[in-house]
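*Asks:* Structural data only, the sequence is not supplied:
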């Protein structure tokens, strides 16, 4: 038998599928499509899980409180609610302002001036949380006819803490002044607490 020796051209072997001109095989396309589908599926699964952790509309609504002070006369107070806690807003008289400024700061348990407890330009408007700093009772003094304590501010009936006209602790077991929440004047007669 005679053997023929010829130049046989080698043909490329494709083991996994059809090879295209740019070298991308069918398997590569399937892998890319599968990873993309998994990524989209993961996002679709995570979005509801993450969004359910966001605060609800009622919680966001309670995060700020807007108050109109146009009807608040000098010497009057109003009670409002901020984050399910009472807030006292008082328009101080000139006598109450002078009384608060006359107190020596060194004599106070929690030393703060009236200027530090009010907004610049609005020295006559005092905004405080209506929660005693001793054990969380609601002090008296915000409504007409209520006991304002020995110093003309607020009086906590639970354990006898007395606050002055700037809501600073003057007598009793409370360790600190009534808390002034974050607030700002959005106009001359409107404040936003929170």
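*Replies:* Perfect, I can see it now. Everything numeric in this text was worked out from a predicted model, so none of it was measured.
*Asks:* Pull the number of nearby residues for the closest residue in space to residue 167 that isn't next to it in sequence.
*Replies:* With CB to CB, 6 or more residues apart in numbering as the criterion, residue 167 has its nearest non-adjacent residue at 4.0 Å, and that residue is residue 178. (Glycine included, C-beta is placed from N, CA and C.) When counting by other CB atoms under 10 Å, one arrives at 26 neighbours for residue 178.
*Asks:* What distance do you get for residue 178 to residue 141?
*Replies:* Using CB to CB, to the nearest Å, residue 178 is found at 10 Å from residue 141.
*Asks:* Give the residues shared as contacts by those two.
*Replies:* Taking CB atoms under 8 Å, 6 or more residues apart in numbering as the contact rule, residue 178 and residue 141 both touch 88, 154, 163.
*Asks:* Does the last one touch residue 152 like I think?
*Replies:* By that I understand residue 163. No: the pair residue 163 / residue 152 is not scored as a contact, 9.1 Å apart, by CB atoms under 8 Å.
*Asks:* Which one's more surrounded, these two?
*Replies:* Each of residue 163 and residue 152 has its neighbours counted (other CB under 10 Å); residue 163 has more, 28 against 17.
*Asks:* What residues are bridge-paired with the more buried one?
*Replies:* residue 154, residue 169 (DSSP bridges).
*Asks:* per-residue confidence for it?
*Replies:* pLDDT, residue 163: 93.
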